[in-house]
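Student: just the structure for this:
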Amino acid sequence: MVRGGVRAGAGRPVGTGKFGEPTHVMRVPKSQVDHVRRSIANKCYRFPLYQSAVSAGFPSPAESEMEGEFDLNELLIRHPAATFFVRVSGASMEGAGIHHSDILVVDRSLEPVDGKIVIAAIDGEIVVKRLCKEGKRVFLIAENEEYAPIEILQGQEIHIWGVVTNVIHAV
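Tutor: Reported below is the predicted structural model:
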């Protein structure tokens, strides 16, 4: 028997899908299919975005002033498969706006070029510092005068885990 263009009993047995439970058919506008798939996969949410800039207050929540919605995953993550989060410990990067207990968004697919803030493992110790290349010399620089630069010397083991793209912290 064919019902709605689909043969009855077609498809995989109930409870054998990714979530291990029965499914529910629903119609989604074509323009929203990718968003729905990302939402299910990443458990992401969209939030209202107001078109007016805020100087010292909050815009009127009137519908006419809403610019649209944005997804925090889309805002913070360029390469999902290469992105991870890490919590900061310490004060060595306060001059760059990175504080103790902040969460860093780190992209492993980006090239760690001179001037970028990176997550690096030096002889087994994991640090967040600004990468600085001077000729053949390589330094990891803190953004706090109380911390000395770390020069990477020949024979030292260093591994750059990724480039910091965003900082999340409470105000």
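
Student: avg pLDDT for stretch 86-94?
Tutor: Per-residue pLDDT values across stretch 86-94 average out to 96.

Student: relative to R38, how far out is V127?
Tutor: According to Cβ to Cβ, to the nearest Å, V127 stands 32 Å off from R38. (Each C-beta comes from the backbone N, C-alpha and C, glycine too.)

Student: okay, those two: which has more neighbours?
Tutor: A count of neighbours by other Cβ atoms under 10 Å puts V127 above the other of V127 and R38, at 19 against 15.

Student: can you pull up the bridge partners for that one?
Tutor: Taking DSSP bridges as the rule, V127 bridges to A120.

Student: contacts only, for it.
Tutor: Taking Cβ atoms under 8 Å, 6 or more residues apart in numbering as the contact definition, V127 lies against 92, 119-121, 140, 150.

Student: filter those residues down to the buried ones, ChimeraX style.
Tutor: For anyone working in ChimeraX, the buried entries among the contacts of V127, judged by 16 or more other Cβ atoms under 10 Å, can be selected with:
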select :92,119,120,140,150
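
Student: return the member of the contacts of V127 nearest to D34.
Tutor: The shortest separation between D34 and any of the contacts of V127 is 29.6 Å, and it belongs to I119 (by Cβ to Cβ).

Student: domains in the chain, by residue range?
Tutor: Following automatic domain parsing, one gets these domains for the chain: 21-76, 80-168.

Student: what about the shortest one, start to end distance?
Tutor: Taking Cα to Cα, to the nearest Å, domain 21-76 runs 32 Å from one end to the other.

Student: ditto for the longest one
Tutor: Counting by Cα to Cα, the length from the leading to the trailing residue of domain 80-168 is 17 Å.

Student: which stretch of helix or strand covers L104?
Tutor: With secondary structure defined by DSSP states H and E, L104 is part of strand 103-107.

Student: counting by contacts, list what that strand packs against.
Tutor: Packing contacts for strand 103-107, counted by 3 or more Cβ pairs under 8 Å, 6 or more residues apart in numbering; DSSP states H and E, involve strand 83-87, strand 158-168.

Student: residues touching the first one, excluding its own?
Tutor: Judged by Cβ under 8 Å, 6+ apart, the contacts made with strand 83-87 from elsewhere in the structure are 77, 101-108, 119, 128, 162, 165.

Student: please identify which of the helices and strands packed on strand 103-107 is closest to L72.
Tutor: Using Cβ to Cβ as the criterion, the shortest distance between L72 and those is 9.4 Å, found for strand 158-168.

Student: partner strands of the closest one, with direction?
Tutor: Pairing partners of strand 158-168, with direction, according to DSSP bridges: strand 103-107 (antiparallel), strand 117-122 (antiparallel).
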